[in-house]
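A.B. asks: compute the structure for the input listed below.
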Amino acid sequence: MRLLSQGNQFIFNLPSDFLTPEVIADYQPILEKNWIQYENVIDYLNSTIRGIDFPGIRFETPTQTQMRGYVRNYKPAQNIQNIVGHDLNITFASVDSHLNYFLMFEMITKHYLDTNNMFVEPFLMTALDIHRDAIYEVKFHEIILKNLTDNRFDYGQEKINQPDFTMTLSFNWYDVEFMLTKSKVLELDNIPQIIQKI
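C.D. replies: Now for the predicted structure:
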């Protein structure tokens, strides 16, 4: 049993071409006026990502009633991509007078009105080990931005925890690639023995 797991290290950023030049031109002066320490708008937006929810696997089992009413379950004859959930939830911290919320609001609006591009460019999530080496990458393809939670403006709202919002996107397929090679695995032959064997 791991008492202190460091397995939740990951990198997830929106692609560098996620924002349109028009949106960048609108929001860059705000970053410069408020002395926000990020070089560009996409870095600022990525800095507010709190986490993502990877969808699970769920499938219905076809049944067949046999002799004397016995019901037997079977695995479905479907492509594996069809039994994995297709919604990915990304949670953002709502910061700077909800500036990043309206940045996402504008992007979803532009995506909805874009008739030239059906999908957004692929998103990439990379899981890291304790040495910050990539263990595996998950790439989500053919993405459609489909939901943004509401945002409450409230004079009486006082919270200890920072408010957040969630963007939901739908992807058509994904792939997982394992990144570790033999060169990144520690050799244990030449390590001196610290604890004596009894």
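A.B. asks: alpha carbons only for contacts and neighbour counts from here, please
C.D. replies: Fine.
A.B. asks: all helices for the protein, in order.
C.D. replies: Applying DSSP state H to the chain gives helices spanning 21-33, 41-46, 80-83, 99-113.
A.B. asks: buried sites along the last one?
C.D. replies: The one in question is helix 99-113. Of all the residues in helix 99-113, those buried under the rule 16 or more other CA atoms under 10 Å are 100-101, 103-105, 107-108, 111.
A.B. asks: return the member of the residues you listed nearest to residue 132.
C.D. replies: Comparing the buried residues of helix 99-113 against residue 132 with CA to CA picks out residue 100 as the nearest, at 28.0 Å.
A.B. asks: show the pLDDT at the residue of the chain most remote from its centre.
C.D. replies: Of all residues in the chain, residue 68 sits farthest from the chain's C-alpha centroid, using CA atoms, centre = their mean; the distance is 48.9 Å. Each residue has a pLDDT score; the one for residue 68 is 86.
A.B. asks: tabulate the helices of the chain (a markdown table), appending mean pLDDT.
C.D. replies: Conversion of the helices of the chain to a markdown table gives the following (pLDDT from 0 to 100):
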| stretch | mean pLDDT |
| --- | --- |
| helix 21-33 | 85 |
| helix 41-46 | 89 |
| helix 80-83 | 78 |
| helix 99-113 | 90 |
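A.B. asks: kindly reformat the ones you listed as TSV containing distance to residue 57.
C.D. replies: Conversion of the helices of the chain to TSV gives the following (distance: least, CA to CA, whole Å):
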stretch	distance to residue 57
helix 21-33	36
helix 41-46	27
helix 80-83	6
helix 99-113	27
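A.B. asks: out of these, nearest to residue 137?
C.D. replies: Of all these, helix 80-83 sits nearest to residue 137, with 16.7 Å by CA to CA.
A.B. asks: name the surrounding residues that touch the closest one.
C.D. replies: The list of residues contacting helix 80-83 from outside it, by CA atoms under 8 Å, 6 or more residues apart in numbering, reads 57-59, 172-174.
A.B. asks: now a PyMOL select for only the buried ones of those.
C.D. replies: Buried residues among the contacts of helix 80-83 (16+ other CA under 10 Å), as a PyMOL selection:
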select buried, resi 172+173+174
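A.B. asks: of the contacts of helix 80-83, closest to residue 84?
C.D. replies: Within those, proximity to residue 84 (CA to CA) peaks at residue 57, which comes in at 4.4 Å.
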